[in-house]
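Enquirer: Provided below for reference: sequence and predicted model.
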Amino acid sequence: MFNWIQNHTRLEYITELEPFDFSSVTEQERIRRMEPQEQPAEMTALAQYFIAASAWLTENMSITIPMRNEEAAKRVLEEVSPHFNKVLQYTAADRGSGMVLQKLKPASKALFLAASTSALPLMEDLYRHHDIGVWDAGKRSIVNYTVNRAELEPCEGPEIEKLQALLHKLYLEPPGENFGLDPLGWRFEDSLKDSLMLRFLAGFAPHLTLAVDSGTMEVISIHLSQEEFSRPVLLCSGWPKPPRRNGDYLYLDLGRKLVYVVDLSKQAKLETWADLHEEARVYHILPDGDFARFNHLTAEPKPAGVGLFFDTHTIGRMLETINRELKSF
């Protein structure tokens, strides 16, 4: 039973979180809308693969496809994008170039429903029912299982292999990127090893991981990646350091080389985070610096227009720390 699931999970010990890269959020993302294309007369396997969610699940589906490989991008432009009324091309510093497809054409939906390419059985297996309401199930307890690809029966056939090769070029060709699919109607049981879609994905993805709801045993997502799935473990040395004072200024270590700086001489007692003085700022520790040597007078402030979001626990902890420091100020 379950010999197709690895009996171990790779742990990755982290001594320090990656520094926050402000350039990735300040870099202008270039987006342009393509002119409408002529209605295609046929439905190819590649098109049926990408259109399935829009045709079966919801007309509001938005499909994002990376476009780094020139050959694969040309195929998408010829076979897939003409089926959509709204096509956006983007270029971003952190994501490279890609395409967003929205608003499937009615004529293309009719073509999809009438076609039977090599992709159709795959998509029928991926979406075993069409009720996307289960995607809004609220908070879940997730367990990740790594698939032992060698234990799966290959999914073979000339057309299948062509589609696998093209998807590998789009998503996983170096430098590649991780991506996922959201199945419907999948339960984590031993018979899942016979899934046509799972076997298909195992034919071109170096690593597969299933995210499973531990309560319902429902497979929530399928994660495809170049590297083996690993569970990050942040060591104590990587945790935010205790707050420290520099004259009138309180330094709060946020991790990722970010520091919240509060001038206690201007700060009143806090009831909510909205009471924080307007001059409180987030600073970036210099690449070769650390929190122990941090000084806001020589540090780089957070760029204007970039917002940071904190969870309730973090906000509560900072409120408590600032109020405690104010008592002894």
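Expert: Structure received. Numbers count the residues shown, from 1 in each chain.
Enquirer: contact partners of whichever strand or helix holds Glu12?
Expert: Following DSSP states H and E, one finds Glu12 within strand 10-14. Contact partners of strand 10-14, identified using C-beta atoms under 8 Å, 6 or more residues apart in numbering, comprise 146, 228-235, 238. (Glycine included, C-beta is placed from N, CA and C.)
Enquirer: list only those of those flagged as buried.
Expert: Among the contacts of strand 10-14, those classed as buried by 16 or more other C-beta atoms under 10 Å are 146, 229.
Enquirer: quick one: which of the contacts of strand 10-14 is nearest Tyr90?
Expert: Proximity of the contacts of strand 10-14 to Tyr90 (C-beta to C-beta) peaks at Phe229, which lies at 27.7 Å.
Enquirer: and that closest one, what is it in contact with?
Expert: Shown in contact with Phe229 (C-beta under 8 Å, 6+ apart): 9-10, 144, 146, 207, 209, 223.
Enquirer: which stretches of the protein form helices?
Expert: Using DSSP state H, the helices of the chain run over 23-26, 45-56, 70-79, 106-114, 120-126, 158-167, 196-202, 312-327.
Enquirer: of all those helices, which one is nearest Glu279?
Expert: Of all the helices of the chain, it is helix 312-327 that lies closest to Glu279, at 13.5 Å by C-beta to C-beta.
Enquirer: among the contacts of Phe229, name the ones in strands.
Expert: 10, 144, 146, 207, 209, 223 (DSSP state E).
Enquirer: those residues, buried ones only, as a ChimeraX selection?
Expert: The following ChimeraX line selects those of the ones in strands among the contacts of Phe229 that are buried, judged by 16+ other C-beta under 10 Å:
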select :146,207,209,223
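Enquirer: what's the most distant pair in the ones in strands among the contacts of Phe229?
Expert: Arg10 and His223 (13.4 Å).
Enquirer: now render the helices of the chain as TSV, adding distance to Glu189, mean neighbour count and mean pLDDT.
Expert: Shown next, in TSV, are the helices of the chain (distance: least, C-beta to C-beta, whole Å; neighbours: other C-beta atoms under 10 Å; pLDDT from 0 to 100):
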stretch	distance to Glu189	mean neighbour count	mean pLDDT
helix 23-26	40	12	57
helix 45-56	24	22	97
helix 70-79	34	16	94
helix 106-114	30	15	96
helix 120-126	15	19	98
helix 158-167	25	17	95
helix 196-202	12	22	98
helix 312-327	36	14	93
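Enquirer: tabulate those in CSV, adding columns for distance to Val306.
Expert: Shown next, in CSV, are these (distance: least, C-beta to C-beta, whole Å):
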stretch, distance to Val306
helix 23-26, 5
helix 45-56, 33
helix 70-79, 31
helix 106-114, 39
helix 120-126, 37
helix 158-167, 35
helix 196-202, 37
helix 312-327, 18
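Enquirer: nearest to Ser97, of those helices?
Expert: When the helices of the chain are ranked by proximity to Ser97 (C-beta to C-beta), helix 70-79 comes first, at 8.2 Å.
Enquirer: and the angle for that closest one with helix 45-56?
Expert: 50 degrees (axes from the mean of the first three to the mean of the last three C-alpha atoms, to 10 degrees).
Enquirer: summarise which helices and strands helix 70-79 is packed against.
Expert: In terms of contacts (3 or more C-beta pairs under 8 Å, 6 or more residues apart in numbering; DSSP states H and E), helix 70-79 is packed against helix 45-56, strand 96-104.
Enquirer: need the CA coordinates for the last one. CSV is fine.
Expert: In this case it means strand 96-104. Below are the C-alpha coordinates for strand 96-104, written out as CSV (Å, rounded to 0.1, in the frame of the first residue of the first chain):
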residue,chain,number,x,y,z
GLY,A,96,9.9,37.1,-16.3
SER,A,97,7.5,37.3,-19.1
GLY,A,98,4.1,35.6,-19.4
MET,A,99,0.6,35.6,-20.6
VAL,A,100,-2.8,35.9,-18.9
LEU,A,101,-5.8,34.5,-20.7
GLN,A,102,-9.4,35.5,-19.7
LYS,A,103,-12.9,35.4,-21.1
LEU,A,104,-13.1,32.2,-23.2
